[in-house]
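Participant: next input, structure requested:
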Amino acid sequence: MRQPAHGGNLAWAAALAGCPPDAILDFSASISPLGPPNSAIAAIQSQIGNLKHYPDPNYSELRLALSHFHQLPSEWILPGNGSAELLTLVGRELAQLAATTLITPAFGDYYRTLAAYNAKVLECPLSLVIGDWSLVIDKGQRTKDKGLLLNNPHNPTGKLFSRDSILPYLEQFALVVVDEAFMDFVSPNEEQSLIPVVQEYANLVILRSLTKFYSLPGLRLGYAIAHPDCLAKWQLWRDPWPVNTLAAAAAIAALQDTEFQQQTWAWLPPARNQLFQGLAKIPGLQPQASAANFLLVESQESTSQLQQQLLKHHQILIRDCLSFKELGDRFFRVAVRSHSDNQRLLTALSGEWGVGSRGNGEGNEGAEGERGNFHSSPCPMPNAPCPLALSEVEGMPNDK
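Facilitator: Down below sits the predicted model:
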């Protein structure tokens, strides 16, 4: 069976581990371990009788629930069959521009959707400046005939960019698309979403996911927030009824479940810190601080080999970073799970081979060769928003 590019492929993992899929402890998919909420399950059960009917093609109730949740007019909201479907619409939109600046390392589906419509891609790598992750975009890439695509918090680094550092790009690009799939995991007093200002910018598109925070990836549900004219055009581009009846009902219930939301915001910081501190104590591993529900970890040994050993010996699946070409075989990503699950991973990693090279300093040159121009270091404050720096240097080479 072919090795997956995405996380969460339990069939592949089970085949390699020689066990049933439900025996795999999955750290590869960044899904909350707390859900699905009971409210969402109850809503699904209540709608079984409506499976004999087509969904409302306008998703009026779902859009109204999202409207109340974000304090926006419902015509600014478009539900979709997961953010993957909406990314396909984004790719078609961006392909109409001269080029798209893509922040890298980048989620593989960004490349998929841009390639599907033959969009020209200008890669812009993250840089580390004075202890903070910052983004330096070549001034020549910031023109009104180009688009910008990024995610916040950033995947796979988990870094949170400040709202104010993104806003200037809305004056410099024809279209700015911000994927906020993991923003729900940032508490309300720390989040940096652009949703509060979306009505001020006709060239801003925000993508959100309901599957990660509420543990509903099997239902496939996300939504876009953008100017109504843009969303009306997208409606003409796509198939009817993209969201099924059960997914819509679960989403409405989940959005209203403030108890689950508060529980998640209370759970994540200590659980993430437990995992971060445990990983940092293992020789040869260097976790990166994160504002999301996952951690990027640098390793002095091959992470693809480590992934297979963890599966075969412990039935634990981690996410290798081979699909992120800037990271290669010296990084892996793990979701934050329950205290007991996190401890099981830490125990397995501590006992596995090939993680003891930090003390002797070996392997650094080889790891640097694998990483190319990507440099990493822990951010001193995990939830501190990092700047998106504007470069005034013309012609700065792209990291291809």
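
Participant: show me where the stretch 301-400 of the chain has helices.
Facilitator: For the stretch 301-400 of the chain, helices defined by DSSP state H, counting those that start in this stretch occupy the ranges 303-314, 339-351, 364-371.

Participant: need those in CSV with mean pLDDT, mean neighbour count and distance to Cys124, can you?
Facilitator: The C-beta positions use only the backbone N, C-alpha and C, and glycine is treated the same way. Converted to CSV, these look like this (pLDDT from 0 to 100; neighbours: other C-beta atoms under 10 Å; distance: least, C-beta to C-beta, whole Å):
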stretch, mean pLDDT, mean neighbour count, distance to Cys124
helix 303-314, 93, 19, 25
helix 339-351, 96, 16, 33
helix 364-371, 35, 13, 17
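
Participant: which of these sits closest to Leu149?
Facilitator: helix 364-371 (22.6 Å; C-beta to C-beta).

Participant: relative to Ala250, which of the helices of the stretch 301-400 of the chain is closest?
Facilitator: Comparing the helices of the stretch 301-400 of the chain under C-beta to C-beta, the one sitting nearest is helix 339-351, at 23.9 Å.

Participant: what's the angle from that closest one to helix 303-314?
Facilitator: Helix 339-351 runs at 110 degrees relative to helix 303-314, counting by axes from the mean of the first three to the mean of the last three C-alpha atoms, to 10 degrees.

Participant: for the protein, give the helix that spans the most residues.
Facilitator: Under DSSP state H, the helix in the chain containing the largest number of residues is helix 258-280.

Participant: may I have that one exported as PDB, CA atoms only?
Facilitator: Output in PDB follows, covering the C-alpha atoms of helix 258-280 (Å, rounded to 0.1, in the frame of the first residue of the first chain):
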ATOM      1  CA  THR A 258     -20.100  26.700  24.400                       C
ATOM      2  CA  GLU A 259     -19.300  24.100  27.100                       C
ATOM      3  CA  PHE A 260     -17.300  22.000  24.700                       C
ATOM      4  CA  GLN A 261     -15.500  25.000  23.400                       C
ATOM      5  CA  GLN A 262     -14.500  26.100  26.900                       C
ATOM      6  CA  GLN A 263     -13.400  22.600  27.700                       C
ATOM      7  CA  THR A 264     -11.100  22.500  24.700                       C
ATOM      8  CA  TRP A 265      -9.500  25.800  25.400                       C
ATOM      9  CA  ALA A 266      -8.900  24.700  29.000                       C
ATOM     10  CA  TRP A 267      -7.500  21.300  27.900                       C
ATOM     11  CA  LEU A 268      -5.100  22.300  25.200                       C
ATOM     12  CA  PRO A 269      -2.400  24.500  26.800                       C
ATOM     13  CA  PRO A 270      -1.400  22.100  29.600                       C
ATOM     14  CA  ALA A 271      -1.700  19.000  27.400                       C
ATOM     15  CA  ARG A 272       0.500  20.800  24.700                       C
ATOM     16  CA  ASN A 273       3.000  21.800  27.400                       C
ATOM     17  CA  GLN A 274       3.200  18.300  28.700                       C
ATOM     18  CA  LEU A 275       4.000  16.900  25.300                       C
ATOM     19  CA  PHE A 276       6.400  19.700  24.500                       C
ATOM     20  CA  GLN A 277       8.400  19.300  27.700                       C
ATOM     21  CA  GLY A 278       8.500  15.600  27.300                       C
ATOM     22  CA  LEU A 279       9.700  15.700  23.800                       C
ATOM     23  CA  ALA A 280      12.300  18.300  24.700                       C
END
